[in-house]
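1. build me a model from this:
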Amino acid sequence: MRVRDATPEDARSIAKLSAELGDVLRSVGNPVGAALAEEQILRDALGSSPACAVLVAELDGEVAGYLLHHPAYDPDLGGRVTAVVDLCVSAGMRRRGVGHALMNAARTRSLQSGAHALVWRVRPTNRAAIAFYESLGACMDPEPASMHLRVEPDPTSEDGGHGDLFRPAVIESGVRPGGTSLPMAMHDDERPQVWVGHVSLRTPDVAATRDFMLQLGMRAIAEGDDFAVLELRGGTHLVLLAAEEPATGTAYFDLMVDDLDATHARLQSLGLDPSPIETGRIHDTFTVAAPSGHVIQFNSTHVSDRPV
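-> Below you'll find the model as predicted:
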């Protein structure tokens, strides 16, 4: 596989892939899913005054995917960032590492430009994309409102249409221009306002470890050849990543259940060989061995009597 800068000769292939991406986006609820036309690519990415850049991945002699990006700035992420606008892999070329290769190339370009992060937008309904990005180590940001303002000349202005381009607008409560949430008063929801988003575990057998976690009581979200994503109570995602060698020792996270005795009995009936329950000063606990090589500890609940 080869990842390189796009050339004018690639414009038709990129436009075809962009139309394919539009179909995917509409299938997950994007009401627009606009595709790039060949002339747009030639003008805005490959022309004399480009607004963005395009990387393409070649596989088996053809363009298998593209990544459109441009420099941006976000003080919350340290200043310079690289905005990824489109990432598309041809349907017939997926699960062959094309997406990983394009994102790695974008990360390299980002570092070379002095940027601190790659940033992009993804719809919450696009679970396959979210799982892919999580497998790279990306994390979901707090969800501010996404806004845009069309910049159009006012034909009635005295300077020929370039006077008051920006008319007063109502900014959605709690969000400042640029997308960062402002401090807001507590509302009626008494639950804590944050929770753990992601934990990861490396394993030499992703499929076996995924099946094991399902037996423990987690929910499957997405999977690929070298990763899987499972969901715990509260929305925390456990990301399983492929490793060459099994791990040793205790996992750096533990699990908590409502009824430790019932859970112990259930896992025992599944043949998972949980250790005897030990009584502790704060928690009662037991452990099970995972296919990853880790030992995972189960704890009795310590949830308070307040809403969580």
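2. please make it C-alpha for all contacts and neighbour counts, starting now.
-> Noted.
3. so what's the gap between stretch 35-47 and the chain middle?
-> A distance of 27 Å separates the C-alpha centroid of stretch 35-47 from that of its chain, computed with CA atoms, centre = their mean, to the nearest Å.
4. any idea how far apart the tips of that stretch sit?
-> One end of stretch 35-47 sits 18 Å from the other (CA to CA, to the nearest Å).
5. now that stretch: average pLDDT?
-> Stretch 35-47 carries an average pLDDT of 93.
6. measure how buried A45 is and give me the count.
-> Summarising burial for A45: neighbours were counted as other CA atoms under 10 Å, giving 22.
7. for A53, phi and psi?
-> Note on A53: backbone dihedrals following degrees, to the nearest 10 are phi -130, psi 160.
8. surely it meets T82?
-> No. Taking CA atoms under 8 Å as the definition, A53 is not a contact partner of T82, at 10.8 Å.
9. so the two - more neighbours on which side?
-> For A53 against T82, the residue with the higher neighbour count under other CA under 10 Å is T82, and the figures read 24 against 17.
10. for the more buried one, phi and psi?
-> As for T82, its main-chain torsions (degrees, to the nearest 10) stand at phi -110, psi 120.
11. can you give me the helices for this structure?
-> Secondary structure of the chain (DSSP state H): helices at 11-27, 38-40, 98-112, 127-135, 206-216, 260-269.
12. out of those, nearest to S200?
-> helix 127-135 (9.0 Å; CA to CA).
13. within the sheet, what are the partner strands of the helix or strand bottoming out on mean pLDDT in the chain, with directions?
-> Sorting the helices and strands of the chain by mean pLDDT, DSSP states H and E puts strand 219-223 at the bottom, at a mean of 87. Paired strands of strand 219-223, with direction, are strand 227-231 (antiparallel) (DSSP bridges).
14. got the domain ranges for this protein?
-> Residue ranges of the domains in the chain are recorded as 2-125, 198-300, according to automatic domain parsing.
15. Serialize those domains to TSV and add fields for distance to V308.
-> Formatted as TSV, the entries for those read as follows, by distance: least, CA to CA, whole Å:
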stretch	distance to V308
domain 2-125	22
domain 198-300	8
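16. how distant is the strand ranked longest in the chain from the center of its chain?
-> When the chain is scanned for its longest strand (criterion: DSSP state E), the result is strand 62-74. The chain centre lies 16 Å from the centre of strand 62-74; the measure is CA atoms, centre = their mean.
17. could you find the closest non-adjacent residue to I41?
-> On the basis of CA to CA, 6 or more residues apart in numbering, the spatially nearest residue to I41 that is not a chain neighbour turns out to be A11, at 6.1 Å.
18. where does the one you found land on pLDDT?
-> A11 is assigned a predicted lDDT (pLDDT) of 95.
19. contacts only, for it.
-> Contact criterion CA atoms under 8 Å, 6 or more residues apart in numbering gives E38, E39, I41, L42 as the residues in contact with A11.
20. sorry, back to before: the longest strand of the chain to helix 11-27, inter-axis angle?
-> 70 degrees (axes from the mean of the first three to the mean of the last three CA atoms, to 10 degrees).
21. okay, buried residues for strand 62-74 please.
-> Under the neighbour-count criterion of 16 or more other CA atoms under 10 Å, strand 62-74 has V63, A64, G65, Y66, L67, L68, H69, H70, P71, Y73, D74 buried.
22. ok, it: who's next to it in the sheet?
-> According to DSSP bridges, strand 62-74 has the following sheet partners: strand 53-59 (antiparallel), strand 79-89 (antiparallel).
23. below-threshold pLDDT in this structure: ranges please.
-> Across the chain, the ranges flagged by pLDDT under 70 are 31-33, 143-145, 152-189.
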